[in-house]
Structure formats: structure tokens, C-alpha cells
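In: coords below, sequence missing:
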């Protein structure tokens, strides 16, 4: 008797997922902290790590974890009324996490000392694409309005 076993090796594939969105209304720091705490608990349970940047109008977030869990989380994120124009930018396989210490890092772009801390924590490692995009977003080198705001 011949048995054929099909294995899906990608079922637990580690990915780096990046999306951008536009806030429906400006969020205060206290509201961002509430958001961070909500997401941190869920992300810890799902073993999802990442970083959220907010510039007062737009979000950019990097999520790292198993692809299936990330895509399920992204469906939940798209339904959140705190933002609109939620667009996936990148979904790439990665060998190791770049934000492994943060289940939900949060930086507002007007806080350069926080962005510098991210740089120092990362050290001298080669910068992944996610870091390059976060840096460009934080320094207004990417015009999110052109990409997202159709209204």
C-alpha cells in the first residue's frame, strides 16, 4: 500500500507584514497607550511582535509572526474604526524577527528620542526593509497621503 503525505511547510512560516492606514481622527497619547495595551496582550498570546508608528494622521505597522496568525490579525485590524484606508504594503518571509522584544512597540514620529532608542536597540545589524520603511515614514520621506488618501 502506498501512502502519500503532503506537507505544507509554509504553515508556520515566519513573515514580516507591513501595512499603512489613515487615522479617522487624531489620537491623543493616552488613546495610543490604550491601543498599545489592548494589542500587546493579544500579540503576546499569538506570539506576534512588531512596531507601530503614528505621525498624527497615519499609521505604519510592522507585524512579525506566523503568516496564518498575521493574516487573521490583519483582518481584525482592517475592521478597527480608529482608522481607514488600511493597505497591506509588504508580506515577506523572514528568517528571524527584527522586533523580537516588542509584542507591540509604539512610537510617535514627533518623539525623535524614541526613534533613536529603536536605532540603538537594533545596534549595528544590517537594517531590514521594515526598519528602512519605518525610518522613512518617521522622517516624512514617504508621502502616505499620496498612497492612501483618495478622499
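Out: Good, I have the coordinates. In this text, all values refer to a predicted model and were calculated from it rather than measured experimentally. Numbering: from 1, shown residues only.
In: And for the residue nearest to residue 69 when sequence neighbours are not counted, the neighbour number?
Out: If the residues on either side of it in the chain are set aside, residue 69 comes closest to residue 46, at 4.8 Å by Cβ to Cβ, 6 or more residues apart in numbering. The C-beta positions use only the backbone N, C-alpha and C, and glycine is treated the same way. By other Cβ atoms under 10 Å, the residues close to residue 46 number 17.
In: cool, residue 69 as well?
Out: Residues near residue 69, counting by other Cβ under 10 Å, number 17.
In: Might one say that it is in contact with residue 49?
Out: No: using Cβ atoms under 8 Å, residue 69 is not in contact with residue 49, being 11.3 Å away.
In: For the one helix or strand residue 74 maps to, the averaged confidence score.
Out: Assessed by DSSP states H and E, residue 74 sits inside helix 67-78. The pLDDT scores in helix 67-78 average 94.
In: quick one: the helices in the protein?
Out: For the chain, applying DSSP state H gives helices covering 29-46, 67-78, 112-122, 129-138, 144-148.
In: Buried by neighbour count: which residues of the second one qualify?
Out: Neighbour-count burial for helix 67-78 flags 67, 69, 70, 73, 74, 77 (criterion: 16 or more other Cβ atoms under 10 Å).
In: Adding distance to residue 38, write these out as a markdown table.
Out: Supplementary listing: the buried residues of helix 67-78 in a markdown table, determined by distance: Cβ to Cβ, whole Å:
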| residue | distance to residue 38 |
| --- | --- |
| 67 | 22 |
| 69 | 17 |
| 70 | 17 |
| 73 | 12 |
| 74 | 16 |
| 77 | 12 |
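In: Mind picking the one among those residues that's closest to residue 25?
Out: Closest approach between the buried residues of helix 67-78 and residue 25, by Cβ to Cβ: residue 77, at 17.0 Å.
In: There's contact between the residue nearest to residue 69 and residue 64 in this structure, I believe.
Out: No: contact criterion Cβ under 8 Å: residue 46 and residue 64 do not qualify, at 11.0 Å.
In: Let me see the residues that make contact with stretch 22-36.
Out: Identification of contacts with stretch 22-36 by Cβ atoms under 8 Å, 6 or more residues apart in numbering yields 52, 54, 56-59, 81-85, 104, 106, 108, 144, 148-149.
In: go with 6 Å
Out: Outside stretch 22-36, the residues within contact range by Cβ atoms under 6 Å, 6 or more residues apart in numbering are 57, 58, 83, 84, 85, 104, 106, 148.
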